[in-house]
Each structure stands twice: as structure tokens, then as C-alpha cells.
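> Make a model of this:
(2 chains)
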Amino acid sequence: MTATVTPVPPGPETTPTGTNASGASPSATSTDATTTDATSTDATATGGLAGTLRALARHRGRLIGVGAAVVLVLGSVLLGGGNWPSSLAVDLSGPLGRTSDWIIDNRDGHPLFLYFLGHISNTVVVSVRAVYLVLLALGWAGVTAAAALVAWRLAGIRLALTSVAAFAVCGLLGMWVPTMQTLALMVAAVAASVLLGGLLGLAAGLSDRMHRTLRPVLDTMQVLPAFAYLLPVVLVFGIGVPAAVLATVVYAAPPMARLTALGLRGADAGVVEAATSLGATGRQRLLTARLPLARKELLLGVNQSIMMALGMAVIASVIGAGGLGDRVYQALASVDVGAALAAGVPIVLLAIVLDRVTAAAGERIGAAPAHRPVLGWAVAAGATAVFAVGGRLAGRLSWPDGWTLNIAEPVNGAVDWMTAHLYSGVPFVGGTADWAGRFTTWVLDPLRDGLQWLPWWAVLLGVGALALLIGTWRTAATAVLAMAAIGVLGVWDPALDTLSQVLAAVAVTLLIGFALGVAAARSSRLGRALRPVLDVFQTMPQFVYLIPVVALFGVGRAPAVAAAVVYALPAVVRITAQGVRAVNPAALESSRSLGATGRQQLFQVQLPLARPALLLAVNQGVVLVLAVVVIGGLVGGGALGYDAVFGLAQGDLATGLVAGAAIVCLGLMLDRVTQPTQRREPAGKGA
Amino acid sequence: MARTTRSTALAAAAAVSVALTALTGCGAADMTRQASPYADAKGSRTVTLSVQSWVGAQANVAVAQYLLEHELGYRVDTVQIDEVPAWDALSQGRVDAILEDWGHPEQEKRYIENKGTIARGGDLGVTGHIGWFVPTYFAEEHPDVTDWKNLNKYADQLRTAESGGKGQLLDGSPSYVTNDKALVNNLDLDYQVVFAGSEAAQITQIKQFAKEKKPFLSYWYKPQWLFEKVPMTEVKLPEYQEGCDADPKKVTCAYPHTPLQKFLNARFADDGGDAAAFLKKFNWTTEMQNDVALMIADEKLSPQEAASRWVEQNETTWRTWLPS
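Model prediction:
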């Protein structure tokens, strides 16, 4: 991580827009984070000093390097080496243990629970139940018909057919009831997320002060790995649906809030001005001008909320959410990849259908309105009712038992064959177990030992210098403080162990992701072929591939890295491909006319011009890899991931919450360190 | 302009709080009666059972579920939860019963004695034991490996990339009871405890080792179906004596033999009718549990199919569990 990074040249840079808004992406993390605050070093320079300062700024990489070297020498003389000093650490196990005891002892009697939290919990149960009962009453025929008709109205006939096929597959896999449970949970959670996120976004869109206050909060919420806050939610609400829904809302509300605010702030000033001049009051302006103008962003927000919520469906099963996630989780317990896949496929299908339908609805906005929309909807509702009643009369409310396919056996057979033949003894290249062993000994061990060997202040210094090179003093301060917080929490060593795994996984992800992304950008056929594969990788619950990675790479940190790479790869490939593809064709054309070869074009034109996209891919790769750290704890990754899982499994708030907080700090640090600044206003419609 | 936006923001905030109040009503909510929204969906009587992540626990639940559904006319929901959170869920009424508990004295004190929200459900009939195991093929080649005093001799052979320069002691899920780190330390063993992180990962790794006839040393427990597929021999640790594991940091002895227990939500134990009476009487042997577990985990039958096969062949056993 000490590689020198050349400073970002000042000058106009395009903000990659909507890079992962398209496609099934449950992870629109901080793409549009910090759209403002582009205070590059030379922005403040004025007057005669300007020239000198600008020159200095151009060499700021070298300056920071020299400064770091000086501090390094001073530090080693004054502070010495070693780990985070225990005198600077705080042991939280006492107070956290007492908090947890207090909650358990008072949960049944304290007014806070009786009159507030208890009602929230009951409201969640009642709403999920209501949706579930409606879905059951519609029967499979009614639900499928409703889905198809909504898709038809919003997105056309092709998506309607896709929806029918998707729901049919859910039934064929024998997953009808769990699918309905998950759907009920999703409806409640997404509704709450949209409501909460919309209100927050409204506040942030209308008031500058709210916007400033909320932004860091939303930033933090988006780099939070979901596992980190499952434990406190469970402690307050207990195992089950309420806790699962609330955890999902925490995860899914931020994109809605962010996009609502963005939409309101981006509303065309001319239109708003016109409305004002016509004498519209503030409320009228909001309802008739600003909100309608922000429709696209609002719908994109709903879309993102849905994707995030689905991403959470399986993780929430760990705290008793039921439904498809629970099936995946239970299949994991009996080491049954086939059964896990059978429950994972409906999640992927739901994600694809919901994503395409809401995305299509977003694109339709602004297009010419359909003929007599009310009539169309009435037809749709009528047809749904016909199918529902028909199903009821035919006595076929639940999916017929005979109509199921057993995919578990062939899948398990395939996995067994693969692991049996690849694990070891492959001629010439060695088996996957050998690779994993070598990767652990040659990459992971030196990286971990190196990081842990570094004196604590040198790590802080390195983080600060790196953040300064790529970002601003503000991002640098956040990064250093986050790293210091890890030390204060007393988990310095495990955090550096986790960091070493993250760095290794990010390196592998970028290596493969850039190669694939560039290839996909240069060959549209490959791009088309990759798209469904990426969709599946991105939405398939990580639990499904836990067993195969262990079967291939053995228990340890290597399979954890492999799982992280699988999860983070799609986003990196997508962003890279889009960035390279978006390179100005004129630039390419002129280079071609100058006689550049394909290779020269790639390395001297396309990649340099796609630089912002590549940096964004790095940032996304880092954040996504970190999100899988806890999952890595389930396959022997150890360190913070294991501690977080341990805390959840043992109800140990002290271990779990501290590990969770440390993961969050690590996430903040990595996000800030890799966050390119120079993202100027107007930020456009990045999501 | 600024003034109007601020007042709009305020109005929005007020609307949120009003909506929340309206939504939540005004009376007291009972946090001890929190059923699943999916329960009773068709007006049937529902029992919710907690399943732990190991297959033995799945076997208990599968058979209980089958009999409750087919003989007593209940609908059964299952939820997979780790051991300690399961106690909490039981206390809140989110689940009605835990069928296999490996001993949680702290929770027993809190929920049974102090709060009275959980009731004992009696023995499961199966005795559990945790220990260190090596594969039998390795123990036959090197008979002295089965005594902990000789373990250091074999550290070299048990080394993996993950354990650094030491031998690897493979541990499992974070939810399991383990003193292994302390044991390795206190017995001066040249080993590194590597946590697989989940039982699934541990089983997958053990199977891979066994396929190649590689030596390994693992924390494992009985009853467990995997013994039928990968025969393993226990390594003798210093003998267990009552209270020798009182201080987890100073422990130098083996793990105890634990008769596994059932626990019921206290309210369910009183008003649960036939279902509660049945679950209290549920009691079978290690071999029976292993039969079902093996069908689930190795033959990949669904728990329901496995249970129905077992139920067909063992009528005399389960007849006695039904309430008369």
C-alpha cells in the first residue's frame, strides 16, 4: 500500500454517471459520495502567490513523500516501534456487557420497550403478515399474473414474459412459499426504506444545513457492512422478522435519501424560478415543480432500495428472517450446495425482475404518456382478479407439489466432481489447494506480518499520506481518525490482519476486473455474454458459494479472499467496461488516424482517459471486498470477521460490536483513501 | 427562501413523528409475545421450533416436525438460530422449543430461575461429548498420536499454510463451546488453533483431507453423522473432573459428557396442549438420531423425507411420545 500514486492532475474531469445504477446492482455505495468539496490544493491560491502554489501543488506528491520520510525518521527516534500502545486503548467489554444485560433484563418491562420499540416491532409484524396473507390469497396464479401485468404496464411485453418465467422457476424449484415470505418481507422493508429515505432526502433537498449534516451520516451508512449492526438490532428486537426488517431498512434507506436529495437539488432552476414568478407558495413549488422534476431520481432511488434490500435478504436470515434466505442458511448447515442454490436462484430472479421493471419504469418517465393509462391499469387489475379467482376455484392456491424440479442432486454432483478433480493433483499446474497454500504463504502471510510489524504511528502516517495524495486534507483526516479509532478500540492486530486480506483480495479483483472490463469494452459480444454472468454473481447470496470455496481452497484466509473476489468482481468489471467504452470516440479516431496500433490506443488513449472510472472501480472494489470480510469469517478468514460472527453467535455485544465498529472504521478509512476528489459540481446524476 | 425551506423541513419532521405515533398506537406492547408473521397463515395451530446449525439438531426437529404435522395436526415453522440467541428467542416466545441444548448454565440461571420465561423440557436421550479427533487411518499408522502427550511429535505432519510453522488444530463454528486456545497454551502444545468459522466449512475441509488420506487434528463432537463417513479416533486429553473447566483461562482437562436437554417457552409449556406434551416426551437414542442425520447430510434427503423414512420404521418408539 506504499506504492507511489501520482497526484490527480487538476482540470476538468467527468464524473462517471450511473455506473452501477444499470444492471442488477445491490451495491450503489459511495458512487456519488462527496460530490462537492472539491477543494483541490490550488483552488485557494490567489494573487501573486498563485503561480508558486500551483507549482507546489503540481509537485504535491513529492512534497508529501518528503514530508512523510522526515516524519518517519523523527517518529522512529521519538516514538519507537511496536503495536498500538495499550495505554491508548479503551476496554469496552465492561460497559457493553452491562448494556446488553440491561436490555435483556428490561425488555419485557421498561416503558421504552412497552410503549415505543414494542409497537414498532408489532407494526412490522402486522404489515409483513398483511402482505403475506394477500400474496397467499392471490395464489400462485394470481401472483404470477399480477407480476406479469405490472411488468407489462411498466416495461412492456418482454419483461412481462420474463416475470412469468421467473415466478414459474421459483415454483418449479419448490420454493413458492419461501419466495412469498421473502417477497412480503421485501415489500414491508422497501416501503419503510422509501418512506424513511424519502423523508430524509426531502429534508436534505430543501435545507442546506440538513444536507451538510446528513451527508457524512449517509456516507457512513453506506460503507457499513450489514453484519456489523445485526447484533444490536437483535438485542433490542430479538430474533425474527422485526429485527430483520429494521436491519434491512438501515441498509436500504441511504440510496433513497441520497437520490431524493440529489433530484430535488438538481431540479432545473429555470422551472422553479418560473413557478415562483407565477406566485406559487413553497409547498406548491415542491409539489408541482420540484418533485415532478425529480421523478427519475426518485424512481432510481426506489430501484436501488429494492436491490439493497434483496442483498440483505440472506444476511438477515442469520437473525431469523425466514423465507428464501433461511433456506439458503439451513442448506449451508447440511453442507448442501444444491439446496442452497435452489433457494438462491429465486433471489437472483426476483432481483433481476424487480431491477429491470423499476429501471424500465424510470426510463419511461418523460416519454410520451401511454394511451388511456387508467384503462390499461383497470384491465391489468381485472385480469389479476380473474387469475386469482380461477386459481382459487381450481383449488390450486399453493404451488402443486408434483410440479417441482429437483436440481439439488445434479448440482451437488457437479460440485463434487469439480472439487474432486481440481483440489489437488492436477498435472503441471497443481491443484487449487496448492494454489491456496502458496497464496497464503507468499502473499497473505508477508502482507499481514509486514503490516503488523509496522509501528502503529507509521501505519497512521501511511494512511494519511495516501489519502492526501488521492483526496483532500479532509478525507485524510477522516481516514487517520478512523484508523486511530481501531487502535483505541483495542483490536489493532486483528484489524491489520483483516486489512491484509482486503488488500490482497482487492489486488486480485482489480487484476482480473480490469482485464475483463477492458476486454468487454473492446468486444461488444463478450460484453453481452458477460452481463448475465455478472448479474448472477452480484445477486447470488454469498452463502451459496461458501462451501465450494472451502472445497476448492481449504479452510483459511485463501477461501475468504476467493469469496470476496467473486463478490466484488462484477462491479469492477462493469465500471471499467463502461469507463473505457465512454472514452471520447474522437480521441480514439484521431489516434487511429495517427497510426496507433490497438495496443497503443488502449494504453495511451483509452486507459488514461478512463482514469476516473478506473479510480471509481478501485473504490468500489475496496468497499465491496470489505463487505464480505464477515462472510470470510465463516470459512476461516479469522480476524475481525470471525469476531463479528462470534459476537452474533454468542450474543456477546462486547466482542461483536467492537469488531463491527472496527470493520466500519476500516471501511471508512479505505473508502476515503481510495476516494478520488476532483469530483466537481455539477455532479450530474451520479447514483 | 431559507426561512420557507426550514419551515418545510420542520413540517416534514413533525409529520414523521405524528405518523410514528399514529402507527404505534398508545397502549403497552407485550415484548414476550412476539410470534412470526408467517405463523397460523391458514388458521392452523402452529408450533415454531429452533434449529441449530448442526445436522443432529436438524434430525430432532425433522422428526418432531413430521410427527406434529402428521399425527397431531399442527403446522410447524422452523427457524435456524445460533445457540445463545436461541435462548433469547425462546424467552420472547419467538420460538416455542429448543430440542437439543449442550449446556448453557448462564442462560439457565437468567431465564429459568430469574425470569421464569423458559421451562425445562427434560432429556433428549442423547449424550453429547466434545473432544479432539484424528482420522482413524492416521491413528492406526501412529497409535501413540491418540495421547495428547505425543501430539507435539506430530506437529510437523499436521502443519498447513494457515497454521504457520505449527501444527493445525481445526476448530469449528464460533457458536460452539470451546476451550481449545487455552488448552493448547496450558498443555504447551506446538499447535495453532485455526477456526473454520462454520460447521459447514469444517466438514467440507475434513472430507477433503479424508479423500486424500491426509492427517489432521480437529475439534469435533459426538453424536455426529460424519463419523460414519470419516472414521475418527479421539485423542486422550487429561481426564475431566467436575469443575476443572471452571476458569476458562486455566483449563487443562478434557470436555465433559453432557446429557443433552430440551427447553420450552414457559407459556408454551403450560398452554401448549398436545404439542407441548409431545415435545416433553420426545426422547430417543444416539443411533436413531444418527440414522436420520446421515440421511439428511449424506444421502441429501430433505429433512422431511428423512423423517418420514425413520417414522415408518420406528413406530414402536414414537408411539410412546404421543399424548394419550
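> Going by C-alpha atoms from here, please, whenever you check contacts or count neighbours.
OK.
> If we look just around chain A, which residues of the stretch 51-200 of chain B are in range?
The stretch 51-200 of chain B comes close to chain A at residues B:53-55, B:79-86, B:88-89, B:92, B:94, B:160-162, B:173-175, B:194-200, as judged by CA under 8 Å from any CA of the partner chain.
> Show me the residues you listed that map onto helices.
B:55, B:83-86, B:88-89, B:92, B:199-200 (DSSP state H).
> Would you enumerate the residues in contact with A:V443?
A:A504 (CA atoms under 8 Å, 6 or more residues apart in numbering or on different chains).
> er, A:V463 actually
Contact partners of A:V463, counting by CA under 8 Å, 6+ apart, are A:476, A:479-480, A:669, A:673.
> per-residue pLDDT, B:L10?
pLDDT recorded at B:L10 is 49.
> Ok, B:G125 next?
Confidence at B:G125, expressed as pLDDT, is 90.
> Each with direction, which strands does the one helix or strand it maps to pair with?
Using DSSP states H and E, B:G125 sits within strand B:118-135. Partners of strand B:118-135 in the sheet, by DSSP bridges, are strand B:217-222 (antiparallel), strand B:232-235 (antiparallel), strand B:257-265 (antiparallel).
> Helix or strand next in line after it, which one?
Per DSSP H and E, the first helix or strand lying C-terminal to strand B:118-135 is helix B:136-141.
> now that next one: mean pLDDT?
For helix B:136-141, the mean pLDDT works out to 92.
> can you check stretch A:198-215 too?
The predicted model gives stretch A:198-215 an average pLDDT of 85.
> Is it in proximity to chain B?
Yes: contact of stretch A:198-215 with chain B (CA under 8 Å from any CA) involves A:199, A:202-203, A:206-207.
> which residues touch A:L224?
By CA under 8 Å, 6+ apart, A:L224 lies in contact with A:627, A:663-664, A:667.
> thinking again about what came up before, any chance of CSV for the strands paired with strand B:118-135, columns mean pLDDT?
Shown next, in CSV, are those (pLDDT from 0 to 100):
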stretch, mean pLDDT
strand B:217-222, 91
strand B:232-235, 92
strand B:257-265, 91
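> between those, which one is nearest to A:V71?
In terms of CA to CA, the element of the strands paired with strand B:118-135 nearest to A:V71 is strand B:217-222, at 47.5 Å.
> So which of the residues of stretch A:198-215 next to chain B are in helices?
If you go by DSSP H, these have A:199, A:202-203, A:206 in helices.
> Throw those residues into JSON lines and include neighbour count and distance to A:A560, thanks.
What follows is those, written out as JSON lines (neighbours: other CA atoms under 10 Å in any protein chain shown; distance: CA to CA, whole Å):
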{"residue": "A:L199", "neighbour count": "21", "distance to A:A560": "38"}
{"residue": "A:L202", "neighbour count": "27", "distance to A:A560": "40"}
{"residue": "A:A203", "neighbour count": "27", "distance to A:A560": "41"}
{"residue": "A:L206", "neighbour count": "22", "distance to A:A560": "44"}
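> Of the residues you listed, just say which sits nearest to A:R215.
Out of those, the member with the shortest distance to A:R215 (by CA to CA) is A:A203, at 11.7 Å.
> Relative to B:A293, how far out is that closest one?
55 Å (CA to CA, to the nearest Å).
> And for B:S173?
Applying CA to CA to B:S173 and B:A293 gives a distance of 18 Å.
> who's more crowded, these two?
Per other CA atoms under 10 Å in any protein chain shown, whichever of B:S173 and B:A293 has more neighbours is B:A293, with 30 against 26.
> Could you say which helix or strand holds that one?
Per DSSP H and E: helix B:286-297 holds B:A293.
> and that helix, what other elements does it pack with?
Helices and strands touching helix B:286-297, by 3 or more CA pairs under 8 Å, 6 or more residues apart in numbering or on different chains; DSSP states H and E, are helix B:55-70, strand B:118-135, helix B:303-313.
> Mind checking the pLDDT average for it?
For helix B:286-297, mean pLDDT is 89.
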